[in-house]
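Asks: Following is a predicted model, sequence given first.
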Amino acid sequence: MTYKIAVIPGDGIGNEVVPQGVRALEAAARRFDLSLDFIDCDFASCDYYERHGRMLPDDWREQLGTMDALFFGAVGMPERVPDHITLWGSLLQFRRVFDQYINLRPCRLMPGIKSPLAGRKPGDIDFYVVRENTEGEYSSVGGKMFEGTEREVVIQETVMSRTGVDRVLKFAFELAMTRPRRKLTSATKSNGISITMPWWDERVAEMAGHYPEISLDKFHIDILAANFVLHPDWFDVVVASNLFGDILSDLGPACTGTIGVAPSANINPEKTFPSLFEPVHGSAPDIFGKGIANPIGQIWSAAMMLEHLGHQDAADAVVRAIEKVLAAGPDEAPLTPDLGGRGITDELGNAIANAIKAS
Ligand code: NAD
Ligand code: IPM
Ligand code: MN
């Protein structure tokens, strides 16, 4: 079968790293005899917004809904268009409308990368953040009152539904069951956020009853953030609400050397809708145009996409190729500056594609 993949580079370095992800996918497709049909999409970008006054065409649901997967870069150029307009007009719509309620973000210290945490080596940091991706703190319930006056009030509600929370917890418990340590950590804040978070804890406790094999713990988000830095080896699978998961999934990868390597899968597990694969990082306007963006987050996201499509062998080959090139170190491989090297995006992408071909 031929897989239809929408390619949506977006803004900034999305345009530099997505082609490297496609290059890796093409190499994997040749090596594993897969047929991938790439459909280029120029929408979900500030360029499109400036031409059309909106981020997406009217028929975006129909266009994207027939795809097998969405391969996404990053959106946002806050100097040109405010972030809440670009993001609520694109990525956050995709996540909600396509019910991609899991945001799966692996965090692993790769061979050859120096962690900023003293003495940490590969194997010490290897966990998943499972982030709730369609509700929680990212809600459109709220508003402004007395705008422009001294009495101005702004409200944005956190919305958690039993279906929404239980399904992400179930996914996280199931994922933990597949891991040797069978360990799950819940991110909470039930000491301070007194309605939603104690309820989140109750949902976790009830779900835990179905998984007696899982060793479960929970931390308030503040000390959890500290423990990511102090004891990253404690974690195996970490489940969190939308905002807590967002923060943890930048902090975790920072502990593995650079957020430039971190991938993510926005998954609709039922496959009713296409899932979306993107790096954790954003459009990085500060380095856009310099050709030095690290493409590994995008390429690893390509591996997650192959896995989702059912091609574990191809996915493994892409991850192994990344590891092989990283392990060679900055003297042997064209690693980008965030990895301590002097390589450029294109060279690093090329080296990884060659390693996939040679696998
Ligand atoms: P960012 O992730 O774009 O950049 C943060 C820092 O990390 C910057 O210094 C950047 O140069 C560096 N960095 C990021 N990716 C890198 C890579 N691949 N290689 C090397 N260095 C890299 O976060 P930000 O600066 O907060 O956001 C910039 C824009 O991106 C904003 O508009 C923001 O809303 C948007 N954003 C979009 C997404 C997304 O589309 N999924 C995610 C995060 C941020
Ligand atoms: C991410 C990003 C997005 C989020 C932003 C750009 C809306 O930070 O994918 O982690 O907060 O989910
Ligand atoms: Mn984020």
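Replies: Okay, I see it. Numbering: from 1, shown residues only. Ligands and ions are numbered 1, 2, ... in the order given.

Asks: Report the central residue of this structure.
Replies: The residue lying closest to the centre of the chain (C-alpha atoms, centre = their mean) is S264, at 2.6 Å.

Asks: What segments of the chain are helices?
Replies: 14-32, 46-52, 60-65, 83-88, 91-97, 162-177, 196-208, 221-230, 242-255, 296-308, 312-332, 345-357 (DSSP state H).

Asks: Please identify the most buried of the ones you listed.
Replies: Of all the helices of the chain, helix 296-308 has the most neighbours on average by mean count of other C-beta atoms under 10 Å, namely a mean of 27. Using the backbone N, CA and C atoms, a C-beta is placed for each residue, glycine as well.

Asks: how far off helix 345-357 does that one point, in degrees?
Replies: On the basis of axes from the mean of the first three to the mean of the last three C-alpha atoms, to 10 degrees, helix 296-308 is oriented at 30 degrees to helix 345-357.

Asks: Contacts only, for D40.
Replies: For D40, the contacting residues are V7, by C-beta atoms under 8 Å, 6 or more residues apart in numbering.

Asks: that older thread, which residue comes closest to the residue nearest to the centre of the chain once chain neighbours are left out?
Replies: Take S264 and drop its neighbours on the chain: the residue closest to it by C-beta to C-beta, 6 or more residues apart in numbering is R105, 4.7 Å away.

Asks: Give me every residue in the stretch 251-359 of the chain lying close to ligand 1.
Replies: Residues of the stretch 251-359 of the chain lying close to ligand 1 (C-beta under 6 Å from any ligand atom) are 259-260, 278, 281-287, 293-294, 297, 338.

Asks: So the residue of the stretch 51-200 of the chain found nearest ligand 2 versus D42, what's the distance?
Replies: Distance from ligand 2 to each residue of the stretch 51-200 of the chain (C-beta to the nearest ligand atom) is smallest for L87, at 4.1 Å. From L87 across to D42, the span is 18 Å (C-beta to C-beta, to the nearest Å).

Asks: What of F146?
Replies: Applying C-beta to C-beta, the value for F146 to D42 is 41 Å.

Asks: Verify the contact between V7 and F38 for me.
Replies: Yes. If you go by C-beta atoms under 8 Å, V7 and F38 touch, sitting 5.1 Å apart.

Asks: Looking at those two, which is more packed in?
Replies: For V7 versus F38, the count of surrounding residues by other C-beta atoms under 10 Å is larger for V7: 18 against 15.

Asks: how about the more buried one, what does it touch?
Replies: V18, V22, F38, I39, D40, C41, F71.

Asks: out of those residues, who's nearest S359?
Replies: V22 (17.8 Å; C-beta to C-beta).

Asks: so what's that closest one up against?
Replies: If a contact means C-beta under 8 Å, 6+ apart, then V22 has V7, F38, F71, A302 as its contacts.
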